[in-house]
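Engineer: Here is the input, now give the coordinates:
(one chain, ligands or ions: 1)
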Amino acid sequence: MTGFHQECLWEKVTPERARGERLKGEARFDVCVIGGGITGLTAALRLREAGRSVCVLEAHEVGHGGSGRNVGLVNAGTWIKPDDVESTLGAKQGARLNQVLGQAPAEVFAAIERYGIDCQAQHKGTLHMAHNEAGVADLRDREAQWRRRGADVELLTGATCAEYCGTDRIAAALLDRRAGTLNPMGYTTGLARAFVTRGGTLYERSPVQALEREGGDWRVRSADGSVLAGQVVISTGAYTEGEWTEVRRNYFRGYYYQVASRPLSGAAADRVLPHGQGSWDTRTVLSSIRRDAEGRLLLGSLGKADNKPDWFIRSWADRIQGHYFPELGKVEWELHWTGCIDFTPDHLMRLFAPAPGVVAVTGYNGRGNTTGTVIGQALADYLVKDDPEALPIPFAPVGKLRTAGLRSCFYEAGFSLYHAGQCLRVVL
Ligand SMILES: Cc1cc2nc3c(=O)[nH]c(=O)nc-3n(C[C@H](O)[C@H](O)[C@H](O)COP(=O)(O)OP(=O)(O)OC[C@H]3O[C@@H](n4cnc5c(N)ncnc54)[C@H](O)[C@@H]3O)c2cc1C
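Structural biologist: Below is the predicted model of the structure:
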């Protein structure tokens, strides 16, 4: 296909995907992991390395969820500021979560190194870009809060800021040297391959339909087979399908789309984010901006693209590119794709132990490359050691977010209006 069309860039540039059979008949494992994304595969790999027999059940194919289609920012910390994490969770728990997620990019890059994963990994930092004076104040605050915690962050201003961002539209940018970028499908595929190479069993096209207690074990049923396991990890996140778990009632769905250009070259293209950082701006309905290994420009924002005509998405991308990088002239857009995010009202994730031997997580709020990696490791360590200290935050009761559907609709409508306003030059 040559024209502007719907296709995930990361699928296109990751041809060597992991492959698993469909689950047929009955099988027995120590642990059954449900969901083949970064969280599930990291947990499965860690459990396998601890000597457990482990299978992963994936409804579609590895990387079908957020793990295969995200922006690829390897972020440090949560979306909210570290002080806010501590005021929400309490000083001790908040400090622990800040510490674990602050060093999470290092865990991602260490895993890439350890398993030899080919995923365009760049440990060169991220840039949070202030689009106005309020944005600058917000970034100053973030810089001070992270510096108090010893993080390697620096607020860039003036000519340095313009040179790093490749635009004079940004007043200041917070360079976080802990962070970086990758091809998320490449990373996820690499984790799956490392798991299978170490004797793990991967089942694809095997959606879980029921989870039932059987003696002291769990029977995990799919259409053509079932797994009997002593322990279960539920890592289906925003993409949870079916009625077999209440965990999906603990978040509301939001969407995020991306647009990729054809590979760009030349002097003007070389000036866009020349030092290899991935970035996003301080708008409430933010825009993310990054390059890939082949020089494509990737723009993204909150909301869906797959329910809008191509001309609308192209016009939005032209507008953002023209605002930040007018020197590029007319850019040819090649691909767009959309993904789903599990949001929580306080922007913090939840860990659950809904039944004996079952653990689950949701609510990464759009930060799963790093969070999925460290939480996958933590859930595995918890199951191996039976030690709550392995977890960065305690388990929460499984609840029900009553306004989930309403919130999703409300936000989606708001994002669409905002993007229409950007296209019409009412905002931006
Ligand atoms: C467009 C977009 C951009 C994002 N950008 C970033 C970013 O730049 N940086 C960042 O850190 N995070 C980002 N995120 C968030 C990040 O992608 C996710 O938080 C992360 O991938 C979640 O990983 P996971 O393994 O927990 O879940 P997922 O990757 O969503 O995997 C869950 C899997 O479970 C499977 N599943 C669902 N139901 C069943 C069932 N019944 N049986 C079996 N399997 C099932 C799904 O098919 C899916 O493959 C973004 C997300 C999106 C959508």
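Engineer: mind listing what the closest residue to the ligand within the stretch 301-428 of the chain touches?
Structural biologist: Residue nearest to the ligand within the stretch 301-428 of the chain (C-beta to the nearest ligand atom): Gly368, separated by 2.0 Å. To be clear about C-beta, it is placed using only N, CA and C from the backbone, and glycine gets the same treatment. In this structure, Gly368 makes contact with Gly37, Ile38, Thr39, Gly66, Ser67, Asn70, Gly237, judged by C-beta atoms under 8 Å, 6 or more residues apart in numbering.
Engineer: Swap in 7 Å and give it another go.
Structural biologist: Contact analysis of Gly368 by C-beta atoms under 7 Å, 6 or more residues apart in numbering lists Ile38, Gly66, Ser67, Asn70.
Engineer: Likewise for Ile320?
Structural biologist: For Ile320, counting by C-beta under 7 Å, 6+ apart, the contacting residues are Ser287, Leu299.
Engineer: Please confirm that it is located within a helix.
Structural biologist: Yes - if the criterion is DSSP: H, G, I helix; E, B strand; the rest coil, then Ile320 is within a helix.
Engineer: and it, what pLDDT?
Structural biologist: pLDDT, Ile320: 95.
Engineer: Quick check: it vs Val426, distance?
Structural biologist: Plainly put, Ile320 is 14 Å away from Val426 if you go by C-beta to C-beta, to the nearest Å.
Engineer: Helices of the stretch 101-250 of the chain, start to end?
Structural biologist: Secondary structure of the stretch 101-250 of the chain (DSSP state H, counting those that start in this stretch): helices at 104-114, 133-148, 158-165, 184-197.
Engineer: ok, and which of these has the densest surroundings?
Structural biologist: helix 184-197 (a mean of 26; mean count of other C-beta atoms under 10 Å).
Engineer: can you tell me the average pLDDT over that one?
Structural biologist: 98.
Engineer: So which other helices or strands are in contact with it?
Structural biologist: Contacts defined by 3 or more C-beta pairs under 7 Å, 6 or more residues apart in numbering; DSSP states H and E place helix 184-197 against helix 9-12, helix 38-49, helix 66-69, strand 201-203.
Engineer: Bridged to Ile341, which residues?
Structural biologist: Assessed by DSSP bridges, Ile341 has beta-bridge partners Gly254.
Engineer: and the strand or helix carrying Leu383, which residues are buried?
Structural biologist: Per DSSP states H and E: Leu383 is located in helix 369-385. Buried residues in helix 369-385, counted by 16 or more other C-beta atoms under 10 Å: 369-384.
Engineer: Tell me which of the helices of the stretch 101-250 of the chain lies nearest to Leu228.
Structural biologist: Leu228 lies closest, by C-beta to C-beta, to one member of the helices of the stretch 101-250 of the chain: helix 184-197, at 20.0 Å.
Engineer: quick check: angle from that closest one to helix 104-114?
Structural biologist: Interaxial angle of helix 184-197 relative to helix 104-114 (axes from the mean of the first three to the mean of the last three C-alpha atoms, to 10 degrees): 60 degrees.
Engineer: Show me how far helix 184-197 is from its chain's centre.
Structural biologist: In terms of C-alpha atoms, centre = their mean, to the nearest Å, the centre of helix 184-197 is set 15 Å apart from its chain centre.
Engineer: what does stretch 108-124 give?
Structural biologist: Taking C-alpha atoms, centre = their mean, the mean C-alpha location of stretch 108-124 is offset from the chain mean by 16 Å.
Engineer: End to end on it, go ahead and measure it.
Structural biologist: Criterion C-alpha to C-alpha, to the nearest Å; first-to-last residue distance in stretch 108-124 is 13 Å.
Engineer: ok, and what's touching it?
Structural biologist: Against stretch 108-124 from outside (C-beta under 7 Å, 6+ apart): 74, 180-183, 186-187, 190, 194, 275-277, 292-293, 369-370, 373.
Engineer: ditto for stretch 150-163
Structural biologist: 76, 102, 139-140, 143, 146-147, 164, 168, 170, 172-178.
Engineer: Is the nearest residue to Trp79 once chain neighbours are set aside part of a helix or strand, or is it coil?
Structural biologist: Nearest residue to Trp79 in three dimensions, chain neighbours excluded: His347, at 5.2 Å (C-beta to C-beta, 6 or more residues apart in numbering). What three-state DSSP gives for His347 is coil.
Engineer: what about the nearest residue to Phe415 once chain neighbours are set aside, neighbour count?
Structural biologist: Closest residue to Phe415 apart from its sequence neighbours, by C-beta to C-beta, 6+ apart: Gly303 at 3.4 Å. Neighbours of Gly303 under the rule other C-beta atoms under 10 Å: 23.
Engineer: looking at the helices and strands packed on helix 184-197, which is buried most?
Structural biologist: helix 38-49 (a mean of 28).
Engineer: does any part of the next helix or strand after it sit near the ligand?
Structural biologist: Where DSSP H and E defines the elements, the next helix or strand beyond helix 38-49 is strand 54-57. Yes - for strand 54-57 and the ligand, the contact criterion (C-beta under 6 Å from any ligand atom) is met by Leu57.
Engineer: Direction included, what does strand 54-57 pair against?
Structural biologist: strand 25-34 (parallel), strand 201-203 (parallel).
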